[in-house]
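Trainee: the following block contains a protein sequence and its predicted model.
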Amino acid sequence: MSITIKSPSGREIKFSTGLFINNEFRPSKSNNVLTTPNPATGEDLATVSAATAEDVDDAVQAARRAFVTTWGKKSTPSQRSAALHKWADLIQENIDTLAELESLDNGKPVWMARDIDIVDSIDCLRYYAGLADKIEGRTIEQEEGRKIAFTRPEPIGVCGQIIPWNYPIQMFAWKVGAALAAGNTIIMKPAEQTPLSALVLAELSIKAGFPPGVINIVNGLGSVAGRAISSHMDIDKIAFTGSTITGRSIMESAAKSNLKKVTLELGGKSPVVVFENADIDQAVNWVSQGILFNHGQDCCAGSRLFLQESIKEEFLSKLKKNFESHVIGDPFDIKTYQGPQVSKQQQEKILSYIKSGIEQGATLLTGGEARIAHLSSKFKNGFYTPPTIFTDCKPGMKIVDEEIFGPVLTVQTFETEEEAIEKANNTPYGLGAGVFSQNASQCMRMVHALCAGTVWCNQYVALSNAVPFGGMKQSGFGRELGIEGLKEYTQTKSVHWNYGEKADWPVDGTSN
Ligand code: ADP
């Protein structure tokens, strides 16, 4: 049940391809499999086991057993912290292997996978390792010498975690870090487009000392394994990151099954507002990164740019130059900023949005097929898309209203602050928003006015494991990261304690 992939750097990457249940790799009981391609070449990369509902059920039973017998009810906070720290150490030791595997499976440049995704994931596990022994309740005074009440934050139980393909390792770390620190056991389902890195993480988790059943990883299709998780009667909570449409269906399954708790981090169409008093060169860099980083495959990508009319010409000419300076190509080349999109389906979707932008009357400032025409024959069948800027955009255009999840920026202009606020908030989403202004009062007014879970001032997509992240409106609810992220994996038990010497009920009104 293992495979060896030889990476373009010559590294031999060996890993198990089975379902990871109870600290063992095994095939699906129905021998179901799925094949993942290398997005840079379009060629098949690996075939792994894919779970059915029966396999998911086995994983849930293992997780339940572990919750009751070891991790949830019997472990100490410092044991949980030690295992998370050890896991982080092992990931650090294997960082090059993981980065190359992630790049081969996802398409992102190796340096990005290594220096951003994995470095951040290691930090995230350590952050939650540090919080494991800081989960505290409150005492609430009732009656001096006789009665007291206190709260106990307890783990929720068995948690289903369904993650997307844009940051496979990071989304994994965000979800497992908080869940495991709080004493939950988990069933993780990676996205079918990027099933591989989770299998290496699974192997390392055994070495880190997690008892069997604490971490279970079931690759598989959303429509099969994902559905089996969201509708399972013995999963207590589901945490999901992905599209709004899938989030809706998960919430529906949760409601129709056992009313499991749900947290959702969904899509976005985040606005970035640049005022005329901004540091233009800085803003150009951030705006570009905000949409092009990770090939635009980012739920909080700044995909709607709003420029104050007076700076439009200067800003756009600098932004165009910036977009055209990025190297697109081989993910194993250190100079590459943009590799392929994750899948043929995503590539086609993005290209169809670009076509619709042109058809609906937006002006193509840069992008289009010519931008990726230089790709060498090795990458001709890769899932590449051009970094694209559309100006003259307005609501009603599909490129303005809908999440594209690719390197496509739409530009609108405004005259006044009020107009900028109104235009920026004109979306059903509310994940992120950016403001560029050197006037601190103006920034703060915008922070108040923008409806988004995170507002970045004079920067964009800065994230920290200590700072909560999540959506408003149809971008979801619940928070990941920070102390708030940990709290999503605990539930409060209240205890009323009558400890007086004569601890009885005052039935006759005198014994109180
Ligand atoms: P995308 O459309 O970009 O692939 P999705 O939201 O569909 O994004 O996928 C994110 C994650 O949700 C993946 O792990 C996928 O397998 C899973 N998923 C998709 N459909 C369902 C579903 N109906 N129930 C549960 N999980 C699902």
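Mentor: Now that the structure is in, tell me what you want to look at. Numbering: from 1, shown residues only.

Trainee: from the ligand, how far out is the residue nearest to the spatial centre of the chain?
Mentor: The centroid of the chain falls nearest to Met171 when counting by C-alpha atoms, centre = their mean (4.2 Å). Counting by C-beta to the nearest ligand atom, to the nearest Å, the separation of Met171 from the ligand is 9 Å. C-betas here are computed from N, CA, C, even on glycine.

Trainee: and that residue, that one's in a helix?
Mentor: Yes: Met171: assigned to a helix according to DSSP: H, G, I helix; E, B strand; the rest coil.

Trainee: residues contacting it?
Mentor: Contacts for Met171 (C-beta atoms under 8 Å, 6 or more residues apart in numbering) come out as 163-164, 241.

Trainee: and Phe323, its phi and psi?
Mentor: Phe323 adopts backbone torsions of phi -60, psi -40, taken as degrees, to the nearest 10.

Trainee: same thing with Ala181?
Mentor: In terms of degrees, to the nearest 10, the main-chain angles of Ala181 are phi -60, psi -40.

Trainee: picking up where we left off before, near the ligand, from the contacts of Met171?
Mentor: Among the contacts of Met171, the ones lying near the ligand by C-beta under 6 Å from any ligand atom are 163-164.

Trainee: and whichever strand or helix holds Glu418, which residues are buried?
Mentor: Per DSSP states H and E: Glu418 is located in helix 417-424. Within helix 417-424, the residues scored as buried using 16 or more other C-beta atoms under 10 Å are 417, 420-421, 423-424.

Trainee: nearest to Pro212, of those?
Mentor: Nearest to Pro212 out of the buried residues of helix 417-424 is Ala424 (C-beta to C-beta; 49.5 Å).

Trainee: gap between the closest one and the ligand?
Mentor: Look at Ala424 and the ligand: by C-beta to the nearest ligand atom, they are 24 Å apart.

Trainee: contacts only, for the closest residue to that residue other than its chain neighbours.
Mentor: Excluding the flanking residues, the one nearest Ala424 by C-beta to C-beta, 6 or more residues apart in numbering is Pro271, at 3.7 Å. Counting by C-beta under 8 Å, 6+ apart, Pro271 touches 302, 304-306, 423-425, 427, 433-434, 450, 452.

Trainee: next SSE after whatever helix or strand Pro271 lives in?
Mentor: Using DSSP H and E, Pro271 sits in strand 270-274. Using DSSP H and E, the next helix or strand after strand 270-274 towards the C-terminus is helix 280-292.

Trainee: and that next one, what does it pack against?
Mentor: With contacts taken as 3 or more C-beta pairs under 8 Å, 6 or more residues apart in numbering; DSSP states H and E, helix 280-292 sits against strand 270-274, strand 302-308, helix 312-325, strand 408-414, strand 432-436.

Trainee: re earlier: give the partner strands of the strand holding Pro271 in its sheet and their orientations.
Mentor: Strand pairing for strand 270-274, using DSSP bridges, gives strand 302-308 (parallel), strand 432-436 (parallel).

Trainee: and the ones you listed, which is most packed in?
Mentor: Each of those was assessed for mean neighbour count using mean count of other C-beta atoms under 10 Å. The highest is strand 432-436, with a mean of 29.

Trainee: might you report the residue contacts of the closest residue to the ligand within the stretch 301-450 of the chain?
Mentor: As assessed by C-beta to the nearest ligand atom, the ligand sits closest to Phe405 within the stretch 301-450 of the chain, at 6.5 Å. Taking C-beta under 8 Å, 6+ apart, we find Phe405 in contact with 166, 267, 296-298, 301, 346, 349-350.

Trainee: pick the one among the residues you listed closest to Ala149.
Mentor: Ala149 has its nearest neighbour among the contacts of Phe405 in Gly267, at 41.8 Å by C-beta to C-beta.

Trainee: for Ile8, give its distance to Glu102.
Mentor: Wrong residue type there; residue 8 is Pro, not Ile. Separation of Pro8 from Glu102 (C-beta to C-beta, to the nearest Å): 14 Å.

Trainee: actually, Val467.
Mentor: Look at Val467 and Glu102: by C-beta to C-beta, they are 24 Å apart.

Trainee: and these two? Which one has more around it.
Mentor: Glu102 (26 against 14; other C-beta atoms under 10 Å).

Trainee: pLDDT value on the closest residue to that one other than its chain neighbours, please?
Mentor: Distance criterion C-beta to C-beta, 6+ apart; nearest residue to Glu102, sequence neighbours excluded, is Ala113 at 4.1 Å. Looking at Ala113, its pLDDT stands at 98.

Trainee: sec struct for Ala113, please.
Mentor: Ala113 - assigned by three-state DSSP - is helix.

Trainee: so it makes contact with Asn106?
Mentor: Yes: using C-beta atoms under 8 Å, Ala113 makes contact with Asn106 at a distance of 7.3 Å.

Trainee: sorry, back to before: which among the buried residues of helix 417-424 gets closest to His85?
Mentor: Ala424 (41.4 Å).

Trainee: how about the nearest residue to Ile217, chain neighbours excluded?
Mentor: In space, and not counting its chain neighbours, Ile217 is closest to Phe20: 4.0 Å by C-beta to C-beta, 6+ apart.

Trainee: could you do Ser75 as well?
Mentor: Leaving aside its sequence neighbours, Ser75 sits nearest to Gly183 (C-beta to C-beta, 6+ apart; 6.5 Å).

Trainee: how far away is that neighbour from Ala255?
Mentor: Taken as C-beta to C-beta, the span from Gly183 to Ala255 is 26 Å.

Trainee: helix or strand for Ala129, which one?
Mentor: Taking DSSP H and E as the definition, one finds Ala129 inside helix 119-131.

Trainee: dump the residue contacts of the one residue in the stretch 251-400 of the chain that gets nearest to the ligand.
Mentor: The stretch 251-400 of the chain approaches the ligand most closely through Ser253 (6.7 Å), counting by C-beta to the nearest ligand atom. Contacts of Ser253 were listed using C-beta under 8 Å, 6+ apart, and they are 227, 230-231.

Trainee: same thing with Gly430?
Mentor: So Gly430 contacts 268, 451-453, 471-475 (C-beta under 8 Å, 6+ apart).

Trainee: centre of the chain versus stretch 290-297, how much separation?
Mentor: Relative to its chain's centre, stretch 290-297 lies at 14 Å (C-alpha atoms, centre = their mean, to the nearest Å).
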